[in-house]
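[1] Structure for this input, please:
(one chain, ligands or ions: 1)
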Amino acid sequence: MMLPVDIRWRCFREMLCVAFGLGVLLLAGCTVLGGIQRSGAQAVPGASDDALEGGYARMRARLSGEFQDRVPCQWGQAVDGVLTRLDTDHNVMALTFDACGGPLSSGYDAELIRFLEEEQVAATLFMNARWMLANPDAFRALAAEPLFEIANHGLLHRPCSVTGRWAYGIQGPSTVADLVDEIELSGRMITALTGSRPVFYRPGTAYCDDIGVQVARSLGYVVAGFSVLGDAGATYTREQVRDALLAAPPGAIVILHMNHPEGQTRHGVMEAVPLLKKRGVRFVTLSEGVDLAR
Ligand SMILES: [Zn+2]
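    Sure, this is the predicted structure:
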């Protein structure tokens, strides 16, 4: 049975606080289960009950045991197992917008989203827990919009590493257990609010190692990369964004950002979309695109 939105939202906010507390505790070297217990999660239904009963901890321990002796041999944004394009002959494009969160990356480009809605452009939105915490009203509205698919962009926006590798100045988890927390806690938060579990996970920075990809798969996620750099972390000019979109081949997965309204991303998107529509391009969510590829 689906809970009313207000109730789900209350649960979600509580879970966000719990998980954010967890992140801090993790950084301080505490265990996840201990963090949940100390955060008073007994009042939170769902994941917290699961954790207190040991389900989450057992799952985490099982995956740690399964992968702890595995040594990664690949590192990058397109390692084996990462979905980087839609394997289809249809004239489709998957626009993906990351909401990375954190002190400098929790903005909300509401004008961009309004444009997508007016133009009926489907898109996949990769949500980081910190962004959701900073933008609860926006998240609630986005989750209720059928045009958009909500996807998982991690708890603390860390690369998908099991050996503590760095990308863009951000260190990834150094253990399988920490990586499970990075992926799964934010996934559970999204599930708590939307009522459905996200299908896709994109690591913070989009960097991963091949063992991390397998861990994510074991948790039930498809790791989503990209084939077209749409805004280079929202640093592209309007022209660069527009030209990147116009040059994208059929089946492209384009990575863009919705958390930097001060950037030029939306301007380039707003120029390119009408031109792409004239070419007959259809915009799809990642799930729709993957279905077409079957
Ligand atoms: Zn990001």
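
[2] buried residues in stretch 203-218?
    Across stretch 203-218, burial judged by 16 or more other C-beta atoms under 10 Å covers 203-216, 218. Every C-beta, even on glycine, is put in place using the N, C-alpha and C of the backbone.

[3] Any part of the strand ranked longest in the chain near the ion?
    Secondary structure of the chain read by DSSP state E shows that its longest strand is strand 92-99. Yes. Using C-beta under 5 Å from the ion, we find that strand 92-99 touches the ion at D98.

[4] Equivalent analysis for stretch 71-82, please.
    No. Counting by C-beta under 5 Å from the ion, the ion has no neighbours in stretch 71-82; the shortest distance is 11.8 Å.

[5] which other helices and strands contact the helix or strand harbouring R242?
    Using DSSP states H and E, R242 maps to helix 238-246. Contacts defined by 3 or more C-beta pairs under 8 Å, 6 or more residues apart in numbering; DSSP states H and E place helix 238-246 against strand 228-229, strand 252-257, helix 265-278.

[6] got the contact list for it?
    93, 228-232, 236, 254, 256, 264-265, 267-269, 271-273, 275-276 (C-beta atoms under 8 Å, 6 or more residues apart in numbering).

[7] Close to the ion: what parts of this structure are there?
    Where the chain comes near the ion, counting by C-beta under 5 Å from the ion, the residues are D98, C100.

[8] quick one on the thing from earlier: what is the orientation angle of the helix holding R242 with helix 265-278?
    Angle of helix 238-246 versus helix 265-278, following axes from the mean of the first three to the mean of the last three C-alpha atoms, to 10 degrees, is 40 degrees.

[9] so how far is helix 238-246 off the chain centroid?
    Using C-alpha atoms, centre = their mean, to the nearest Å, the distance from the centre of helix 238-246 to the centre of the chain it belongs to is 23 Å.

[10] Could you list the buried residues of it?
    Buried-residue list, helix 238-246, by 16+ other C-beta under 10 Å: R238, Q240, V241, R242, A244, L245.

[11] And stretch 69-82, by the same measure?
    Using 16+ other C-beta under 10 Å as the test for burial, stretch 69-82 gives P72, W75, Q77, V79, G81, V82.
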